[in-house]
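Undergrad: Okay, sequence plus prediction incoming.
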Amino acid sequence: MATAVPPIISPKEDLPPPLTSASEPPPLFDGTTRLYLAYHCPYAQRAWIARNCKGLQDKIKVVAIDLADRPAWYKEKVYPENKVPALEHNNQVKGESLDLVKYIDSNFDGPALLPDDSAKKQFAEELLAFSDGFNSAFFSCLRSKGDVSDEAAAAVDKIEAALGKFSDGPFFLGQFSLVDIAYVPFIERFQIFYSGIKKDDLAKGRPNLHKFIEEVNKVDAYTQTKLDPQFLLDQMKEKFGIA
Ligand SMILES: N[C@@H](CCC(=O)N[C@@H](CS)C(=O)NCC(=O)O)C(=O)O
């Protein structure tokens with residue numbers, strides 16, 4: 001049974017419906033580069049944004065997977081971890097979103113996603129190392145059904161401070177980079193959680209974050225991957241049993 005593409009706010013390309021347990025696999029290892037994703041998955045969104053940023057829409061084909069009705073061939077023939085994202089390239093399948101963002105940057109043409117500056121590169125590694133900590137802060141708020149612990153607030157404050165480190169632009173390394181790609185799917189969801197569940201503004205009293213959100217929403221490669229916030233909010237509430 002076909003599943004619909006969820007509500008993407010400003011789609012710029014024809015995106016395929018998610019494949020289900022009833023779907024045939026694509027012709028695997030035929031030389032086509034494929035990015036396996038789920039449209040709602042923030043980890044997959046990272047790789048999807050990287051692909052768009054590099055202008056690889058014609059070189060990396062999006063294959064959406066219905067995680068709730070996952071095809072058996074996905075685990076058996078594509079990615080034994082059975083998660084998204086995964087990238088089929090040069091007869092190999094690789095996973096882990098942060099690795100994929102770097103892999104896409106290094107192995108494909110298109111604008112570089114990291115600056116040359118060594119101080120910025122070093123800061124990029126520090127921020128990437130913290131990104132799981134930031135994500136956990138977000139998920140802990142959902143698990144506690146809306147309670148924002150001091151630890152979670154500190155994680156957001158840490159992001160606010162990091163955004164102030166370089167003054168040549170509103171992004172983590174000044175100009176847009178793969179660090180922004182790593183964080184933005186989670187910042188997006190954290191903001192939706194704040195406004196939809198806490199009835200508050202995540203960026204209140206955090207001017208750097210406010211500017212980041214404003215500016216990142218002008219980056220097409222990102223906005224093309226955004227789902228309707230109400231859809232994401234409903235999904236969060238359902239998954240974490242929030243009334
Ligand atoms: N560490 C992985 C996490 C990927 C991940 O957890 N993806 C979720 C969807 S958002 C998934 O595939 N879940 C399926 C499962 O765990 O069975 C990454 O960064 O790529």
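TA: Happy to help now that I have it.

Undergrad: isn't residue 40 right next to residue 235, touching?
TA: Yes: counting by CB atoms under 8 Å, residue 235 is a contact partner of residue 40 at 6.2 Å. C-beta coordinates here come from the backbone N, C-alpha and C atoms, glycine included.

Undergrad: Who has more neighbours out of these two?
TA: Using other CB atoms under 10 Å as the criterion, residue 40 and residue 235 rank with residue 40 on top: 19 against 15.

Undergrad: That one sits in which helix or strand?
TA: Assigned by DSSP states H and E, residue 40 belongs to no helix or strand.

Undergrad: what residues does this protein put near the ligand?
TA: 38, 41, 43, 67, 82-85, 95-97 (CB under 6 Å from any ligand atom).

Undergrad: how about a cut-off of 5 Å?
TA: 41, 43, 83-84, 96-97 (CB under 5 Å from any ligand atom).

Undergrad: Please dump these into JSON lines; it should also carry pLDDT for every row.
TA: JSON lines is the format used below for the residues of the chain next to the ligand (pLDDT from 0 to 100):
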{"residue": "41", "pLDDT": "97"}
{"residue": "43", "pLDDT": "98"}
{"residue": "83", "pLDDT": "98"}
{"residue": "84", "pLDDT": "98"}
{"residue": "96", "pLDDT": "98"}
{"residue": "97", "pLDDT": "98"}
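
Undergrad: need those residues in TSV with neighbour count, can you?
TA: Listed next are these as TSV, based on neighbours: other CB atoms under 10 Å:
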residue	neighbour count
41	19
43	21
83	20
84	26
96	16
97	26
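
Undergrad: Nearest to residue 34 among those residues?
TA: Minimum distance to residue 34 across the residues of the chain next to the ligand is 11.5 Å, recorded for residue 84 (CB to CB).

Undergrad: pretty sure that closest one belongs to a helix, no?
TA: No: Residue 84: not assigned to a helix; according to DSSP: H, G, I helix; E, B strand; the rest coil it is coil.

Undergrad: check contacts around it.
TA: For residue 84, the contact set (CB atoms under 8 Å, 6 or more residues apart in numbering) comprises 36-38, 41, 43-44, 65, 67.
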